[in-house]
Structure formats: structure tokens, C-alpha cells
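Chemist: This is a predicted model, with the sequence first.
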Amino acid sequence: MDTTNIYNCLIIDDEYLARTLIQTHINNIPELKIVAKCSSAIDAKHYLEETNIDILFLDIQMPNLSGIDFAKTLQHTPKIIITTAYSEFALQGYELNVIDYLLKPITYERFYKAVSKTIEILKLENNNSLTESKLESKSILIKSKHQLIKIDIADILYIESMHKYVKIFTYDNKHVTLFSLNAIEKELPSNIFYRCHRSFIINLNKVKLIDGNQAIVENYNVPISKNNKAELISKLGKRI
């Protein structure tokens, strides 16, 4: 890792030894900076309100307010890495869009892997040159009904495969063109568009919510394959 960016970290865990171990791991990664260590979610609330926290290391089983319940109250959610001794809470954690789920005792190798993945996501969000605003000037040209049509990439909601054809959904139209989904996928920026299903590509910036195995994109329900759901949630990050 390089130290081009420094990411603020907050540790919430009611166990002193657990907080200390996470602190030790963080101190070995130059890109991370500890803002605070808190023994309860309630103590941590003002840090999240007053400081830009990039990564939250969050325990689940804590007195008064659990980590899961606390995460549900956050309006501006940092990247969350769950740290717990209880594997049965993994599903709840991923439903909250956590980046990773670390079981105690946490080894440095496993910690480093989780942090590396989180930093990669943060860099994509913060430093990517193909943000939605910059996509306004980018377009693709397709042939549909004997016409050549220019479609602004930023206007694409999702794309559906129809064997040898694809159907491109925008805010105000649907375009069918002789194009394979594999081919059109290569024309789109991978940080904005994601193939959530073998027959569908979605614009991550247009996703309103995840409902079971469906992504709600504007007024459309787009299927998500079971194998792709966890990766999709990670890619969505702060977009939802």
C-alpha cells in the first residue's frame, strides 16, 4: 500500500484487549489513522457526527446498544468492518452493506486483507476519474431500427441481454440493438456499471435499494444472481 491517502478509522468494541489488538493492526498500516477508540456505540456517536470517518471497526455484542442496531441509525455510513466472536451475525452484517466480517481473535493477515479491500473501494469512490458528473460528456453509438442513436452513458439505467441483442433502458426510452452483453460491457466503465446477473448490467449510481435478490433501479426491478450479490453490495458502497 502507498500513503497517498490517509483514512480515518474509528474502533468500537467493549473489550479492552480487542480494541488494543485492532489498534496494533492499524498502526502497522501507514494509510490508516485512528481517530478514537470507544467502548460503546453511544460513546462513538459524536465522533461520527463531527469527524469524517472512513472505516469503522465495529463489534456487534455490546451493552445497551448492539453494533447492528447502531449501524442502522447512521445516516452517513462509513465503510464498516465487523469485528466479533459470533459468526451467526454474519448475514445481518452483510445486509448492512459491511465490507468484511472478521472473527475474533483477528490475525494480522486476515485484518490486512479486509483493510486492503476496503481501501480499494474507497479509492475507487474518491479518486476515480469517471464519476457520474464526468460521464455526461461520454456516450455510446448504437444502431437501432435502421437508425444510429447516441446514448449518453450517464443516462443508462440498466442493460438486458436478449440472446444476440441487448435492450438498453434509459430514463425516457428503451433501445434494442444487435450487440452482445459481453461486448457492450467492455465499452462501459467498470466502476460505474456492474454485471449483477448473466443477463443484466446495472448502473450502480442509479440503484435505489436492494430488495432480496433484486436491485431497484428507478422503477425497475433488476435480478441479482446469488453469486454476485455480496460483490454488488461492496461496489455500491455509499451509493445507497
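Modeler: Arrived safely, thanks for sending.

Chemist: next one: phi and psi at residue 142?
Modeler: Note on residue 142: backbone dihedrals following degrees, to the nearest 10 are phi -130, psi 160.

Chemist: Neighbours of the residue nearest to it when sequence neighbours are not counted, how many?
Modeler: With sequence-adjacent residues excluded and distances taken as C-beta to C-beta, 6 or more residues apart in numbering, residue 142 is closest to residue 177, at 4.2 Å. The way it works is simple: take the backbone N, C-alpha and C, and place the C-beta from them, glycine included. Neighbour count for residue 177, taken as other C-beta atoms under 10 Å: 19.

Chemist: Identify the residue spatially nearest to residue 162, adjacent ones excluded.
Modeler: residue 176 (7.2 Å).

Chemist: who touches that neighbour in this structure?
Modeler: 144, 145, 162, 165, 166, 167, 168 (C-beta atoms under 8 Å, 6 or more residues apart in numbering).

Chemist: how many neighbours does the second one have?
Modeler: What it means is residue 145. Neighbour tally, residue 145, other C-beta under 10 Å: 8.

Chemist: Likewise for the first one?
Modeler: The tally of other residues near residue 144 (other C-beta under 10 Å) stands at 18.

Chemist: hmm, back to that, helix, strand or coil: sort out the residue nearest to residue 162 for me.
Modeler: With DSSP: H, G, I helix; E, B strand; the rest coil as the basis, residue 176 sits in strand.

Chemist: For it, give its distance to residue 124.
Modeler: 31 Å (C-beta to C-beta, to the nearest Å).

Chemist: picking that back up, surely the residue nearest to residue 142 touches residue 165?
Modeler: Yes - counting by C-beta atoms under 8 Å, residue 165 is a contact partner of residue 177 at 6.5 Å.

Chemist: So for the residue lying farthest from the centre of the chain, what pLDDT did the model give?
Modeler: What lies farthest from the middle of the chain is residue 146; by C-alpha atoms, centre = their mean that is 39.2 Å. If you check residue 146, the pLDDT there is 78.

Chemist: ok, now residue 220?
Modeler: So, for residue 220, pLDDT stands at 94.

Chemist: wait, what's in contact with it?
Modeler: Residue 220 sits next to 157, 158, 169 when contact means C-beta under 8 Å, 6+ apart.

Chemist: shaky segments in the protein?
Modeler: 1-4, 87-97, 125-137, 237-240 (pLDDT under 70).

Chemist: Show me the domain layout of the protein.
Modeler: 7-127, 133-239 (automatic domain parsing).

Chemist: list residues touching both of residue 177 and residue 165?
Modeler: If you check residue 177 and residue 165 against C-beta under 8 Å, 6+ apart, no residue is contacted by both.

Chemist: Which strands and helices lie in contact with the helix ranked longest in the chain?
Modeler: Of all segments of type helix in the chain, defined using DSSP state H, the longest is helix 108-127. In terms of contacts (3 or more C-beta pairs under 8 Å, 6 or more residues apart in numbering; DSSP states H and E), helix 108-127 is packed against helix 16-27, strand 55-58, strand 79-84, strand 100-103, helix 229-236.

Chemist: I'd guess residue 70 is in a strand, am I close?
Modeler: No - assigned with three-state DSSP, residue 70 falls outside any strand and is helix.

Chemist: hang on, the earlier thing: for the residue nearest to residue 162, give the beta-bridge partners.
Modeler: residue 167 (DSSP bridges).
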